[in-house]
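1. Predicted model and sequence follow; I will ask about them next.
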Amino acid sequence: MELITLKSPREQDAMRRAGRITAQARALAGSMVRPGVTTKEIDDAVRKFIRSKGAQPSFLNYHGFAGSACISVNQVVIHGIPSRRVVLREGDIVSVDVGAYIDGFHGDCAATYPCGEITPEAQRLIDVTQQSFWEGFQFAKAGQRVSDISHAVQVYVEKHGYSVVRSFVGHGVGREMHEAPEVPNFGPAGHGARLQAGMAIAVEPMVCAGDWQVKVLKDGWTTVTTDGSLAAHYENTILITEDGPEITTVTEDGTYL
Ligand code: MG
């Protein structure tokens, strides 16, 4: 099994710097979501912003990915490729996933934003997805097992009549964007690695309004719900500290969106 890295205090500071830029990039992208905007325009702004901070977009060219953000609309769950052809429309829900790398470390975060007026059902899906993250977050503490987080996310999501994606999961984060351990959004509590201070993980519920099955389109990235139902995503990078969980992907005014 792959080793879980522990971050020194100095490395944790680098993760906070990366996390702040990542969260600012997420907020910028979210502020641009409105009818008529293309996902390419949002991606261009994200790339310019991250570079303006002296950081690099973690996703750009990652296994050949063509954007600095994954922008996933409606039934696209994750890994939507920014495109001039994807023009946002009133009522869409738009998931933005972004990563920034600076001083040797990555931040990774995501959120789903409403485009103009959306249906109450779509808003509820967004709200439940966000809250499921916080349900899991409570267990992101030294001494807990990884699947204590997984279980809390799943229970909350399913209680609200939605489902969690199985084939993509959260992950450790640090010098690499994807490190051990895997952090699933499902499964019984009490399994997986025991969390300890110095670990950093990205917890990222991917929630479907319908069934949990997803498929990857021919482009090799775009991941959609098989039944065409709406999906939402919410993610933050969390440092496990002696004093409890600390989110690195937060803006200086304290927002996680
Ligand atoms: Mg991630």
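-> Cool, the structure landed. Numbering: from 1, shown residues only.
2. what bridges to residue 93?
-> Here residue 93 sits in beta bridges with residue 114, going by DSSP bridges.
3. Quick check: it vs residue 160, distance?
-> Here residue 93 is placed at a distance of 16 Å from residue 160 (Cβ to Cβ, to the nearest Å). Every residue, glycine included, has its C-beta placed from N, CA and C.
4. quick one: which of the two has more around it?
-> The neighbour comparison of residue 93 against residue 160 (other Cβ atoms under 10 Å) goes to residue 93, with 27 against 14.
5. ok, that one to the ion distance?
-> Noted for residue 93: a distance of 19 Å to the ion, by Cβ to the ion, to the nearest Å.
6. Check this protein for its longest helix and report it.
-> Identified as the longest helix of the chain according to DSSP state H is helix 9-32.
7. Which positions within that helix qualify as buried?
-> Neighbour-count burial for helix 9-32 flags 11-12, 14-30, 32 (criterion: 16 or more other Cβ atoms under 10 Å).
8. near the ion at all, it?
-> No: Helix 9-32 lies out of reach of the ion by Cβ under 5 Å from the ion, never closer than 10.4 Å.
9. quick one: buried residues of whatever helix or strand comes next after that helix?
-> Proceeding N to C from helix 9-32, the next assigned helix or strand is helix 39-52, under DSSP states H and E. For helix 39-52, the neighbour count (16+ other Cβ under 10 Å) marks 39-40, 42-47, 49-50 as buried.
10. Up against the ion, what does the stretch 51-200 of the chain have?
-> residue 108.
11. switch the cut-off to 8 Å
-> Contact residues, the stretch 51-200 of the chain versus the ion (Cβ under 8 Å from the ion): 97, 99, 108-110, 170-171, 173, 177-178.
12. Now do the longest helix of the chain against helix 39-52, angle only.
-> Angle, helix 9-32 to helix 39-52, by axes from the mean of the first three to the mean of the last three Cα atoms, to 10 degrees: 150 degrees.
13. helices and strands around helix 9-32, which ones?
-> helix 39-52, strand 69-73, strand 93-102, strand 105-114, strand 236-241 (3 or more Cβ pairs under 8 Å, 6 or more residues apart in numbering; DSSP states H and E).
14. Redo the ones you listed as TSV? Include mean pLDDT.
-> Formatted as TSV, the helices and strands packed on helix 9-32 follow (pLDDT from 0 to 100):
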stretch	mean pLDDT
helix 39-52	98
strand 69-73	98
strand 93-102	98
strand 105-114	98
strand 236-241	98
